[in-house]
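**Student:** here is a sequence together with a model predicted from it:
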Amino acid sequence: MRLGRIFGIQIIVNSSWLFIFALVVWALASGFVPFQTAGLSPGARGGLAVVTALLFFGSVLAHELAHSLLARSRGVPVSSITLFIFGGVSHLEGEPKNAPGEAWIAFVGPLMSLVLSGLFFAASRGLGPEHPIGAGLEYLGAANLMLAVFNLLPASPLDGGRVLHALLWRWTGDRLRATRAAGLVGRVFAWIIITIGISTTLVTGTAGGLWLMFVGWYLLQAGGAETMGAEVSQALGGLHASDLMLPPPAVIPADATVEGAFEQVMRFGGRALPVMLGERLLGLLSMRDLERLGEMPRDLAYATSIMTKLESLERAAPDEDAVAVVRRLAVGGYHQVPVVDTSDRLLGLVTRESVLRRIAAAR
Ligand SMILES: [Zn+2]
């Protein structure tokens, strides 16, 4: 769900956030003691709960905006911010160029939460904690403090994990070694959180521990993916699309019928094959393209009439950065990206298999 843009950054709300939002409103309206004892009408209580939840939502957004705006001022473009169950993620398009940049971009978010926490606590003091609005502000102060503390845990992808990575990077001068060491610390922390979760559940028999187990499990998954991404970037650093590509297993001539073309596709395990006019790439033909055939008999239709045409294909130039090509392959969920020169001559295909082979060779 897109909410709009702030400072040119797209703000997206994950559906899980709506659930959390409803849960916070419900908990505040029905279970938050200061709202109960203040003698408010149910309507006023509900209204106060919604405003408090909205301010909490705004606090998470301010935390992410702090990351995003500092990243942008340090030359890392930011496309969007997604708010989801654990808070938010800023989508940076690229990586900070140096360790101090990474440390500050990661640290400024929790710093923003700490500042907000201080402001909410101060405002709550001003009104007095007996005042229902004062109590709401105190709640927001505590929520922002928790947001800051949780995010400072040294487990990537939490902010604290990135600060740790930047410090290790600065200390060792080796980005990949820093990634591995920070990844290890993150895994240890994730396991500590899981262990606390399991023992809480066993000792108290309440559901609170399940939540901790879930958080720990999430950190294990996300941290592992992050370490692997860094290893891939390292293995492919300085390479280009032309270093990743392999020749196509077979090609389909432009005058082939659908019948003949699919015999070829089947012979090579159902993989997409390039349709060629001489050395020029016209398009790719895969099993999925058969849908476009409709009622036409296979031996009368030409492969060119149902293939995915070059204009609508994701393709790469031979000198394109290898990491950028792999990112496109992964993000778009493509099975292959053809590498073509400026006159549409096919040079090779970058496939998942060809990328894995190159990474294996680099070790
Ligand atoms: Zn953050």
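**Tutor:** All right, it came through fine.
**Student:** the residue in the stretch 101-250 of the chain that the ion sits nearest to sits in which helix or strand?
**Tutor:** Residue nearest to the ion within the stretch 101-250 of the chain (Cβ to the ion): residue 109, separated by 3.2 Å. Any C-beta I mention is one placed from the backbone N, CA and C, and that applies to glycine too. Under the criterion of DSSP states H and E, residue 109 resides in helix 99-127.
**Student:** would you mark the buried spots in that helix?
**Tutor:** For helix 99-127, the neighbour count (16 or more other Cβ atoms under 10 Å) marks 99, 101-114, 116-117, 120-121, 123-124 as buried.
**Student:** also stretch 349-363?
**Tutor:** For stretch 349-363, by 16+ other Cβ under 10 Å, it's 349, 350, 351, 354, 355, 358, 359.
**Student:** any idea how far it is from the chain center?
**Tutor:** Offset of stretch 349-363 from its chain centre (Cα atoms, centre = their mean, to the nearest Å): 23 Å.
**Student:** which residues touch it?
**Tutor:** 232, 235-236, 239, 241, 243-248, 274, 316, 322, 325-326, 329, 335-339 (Cβ atoms under 8 Å, 6 or more residues apart in numbering).
**Student:** and the host helix or strand of residue 210, what's buried?
**Tutor:** Here residue 210 sits within helix 208-236, counting by DSSP H and E. Residues of helix 208-236 classed as buried: 209, 212-213, 215-216, 218-220, 222-223, 226-227, 230-233, 235-236 (neighbour count, 16+ other Cβ under 10 Å).
**Student:** now the helix or strand that that helix is followed by, how far from the centre of its chain.
**Tutor:** Per DSSP H and E, the first helix or strand lying C-terminal to helix 208-236 is helix 241-244. Taking Cα atoms, centre = their mean, one finds helix 241-244 lying 25 Å from the centre of the chain it belongs to.
**Student:** ok, stretch 224-236 next?
**Tutor:** 14 Å.
**Student:** contacts for that stretch?
**Tutor:** Applying Cβ under 8 Å, 6+ apart, the contact partners of stretch 224-236 are 156-157, 175-176, 179-180, 183, 187, 244, 322-323, 326, 355, 358-359, 362-363.
**Student:** keep only those of those residues that are in helices.
**Tutor:** 175-176, 179-180, 183, 187, 244, 322-323, 326, 355, 358-359, 362 (DSSP state H).
**Student:** and the chain, what are its domain boundaries?
**Tutor:** Domain assignment for the chain by automatic domain parsing gives 2-152, 173-236, 241-362.
**Student:** could I get these in JSON lines, plus columns for mean pLDDT?
**Tutor:** JSON lines is the format used below for the domains of the chain (pLDDT from 0 to 100):
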{"stretch": "domain 2-152", "mean pLDDT": "81"}
{"stretch": "domain 173-236", "mean pLDDT": "82"}
{"stretch": "domain 241-362", "mean pLDDT": "86"}
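**Student:** and the residue sitting nearest the centre point of the chain, what element?
**Tutor:** Residue closest to the average C-alpha location in the chain (Cα atoms, centre = their mean): residue 91, at 6.7 Å. For residue 91, the host element (DSSP H and E) is strand 87-92.
**Student:** touching the ion at all, that strand?
**Tutor:** No: judged by Cβ under 5 Å from the ion, strand 87-92 stays clear of the ion, getting no closer than 6.9 Å.
**Student:** what's that strand packed up against?
**Tutor:** Strand 87-92 is packed against helix 42-73, strand 78-84, with contacts defined by 3 or more Cβ pairs under 8 Å, 6 or more residues apart in numbering; DSSP states H and E.
**Student:** out of those, which is closest to the ion?
**Tutor:** For the helices and strands packed on strand 87-92, the distance to the ion is smallest for helix 42-73, at 5.4 Å, taking Cβ to the ion.
**Student:** buried ones in that closest one?
**Tutor:** Of all the residues in helix 42-73, those buried under the rule 16+ other Cβ under 10 Å are 45-46, 48-49, 52-53, 55-57, 59-72.
**Student:** can you check stretch 167-186 too?
**Tutor:** By 16+ other Cβ under 10 Å, the buried positions in stretch 167-186 come out as 167, 168, 169, 175, 176, 178, 179, 181, 182, 183, 185, 186.
**Student:** so which bits of the stretch 51-200 of the chain are right by the ion?
**Tutor:** 109, 151, 159.
**Student:** hmm, 6 Å instead?
**Tutor:** 63, 67, 109, 151, 159 (Cβ under 6 Å from the ion).
**Student:** which two among the residues you listed are spaced furthest apart?
**Tutor:** 67 and 151 (10.1 Å; Cβ to Cβ).
**Student:** spit out the residues that contact those two alike.
**Tutor:** With Cβ under 8 Å, 6+ apart, residue 67 and residue 151 have common neighbours 109, 159.
**Student:** please convert the buried members of the contacts of stretch 349-363 into ChimeraX selection syntax.
**Tutor:** Command for ChimeraX, covering only those of the contacts of stretch 349-363 found buried under the criterion 16+ other Cβ under 10 Å:
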select :232,235,236,239,241,243,244,245,246,248,274,316,322,325,326,329,336,337,338,339
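**Student:** with that, I have no additional questions.
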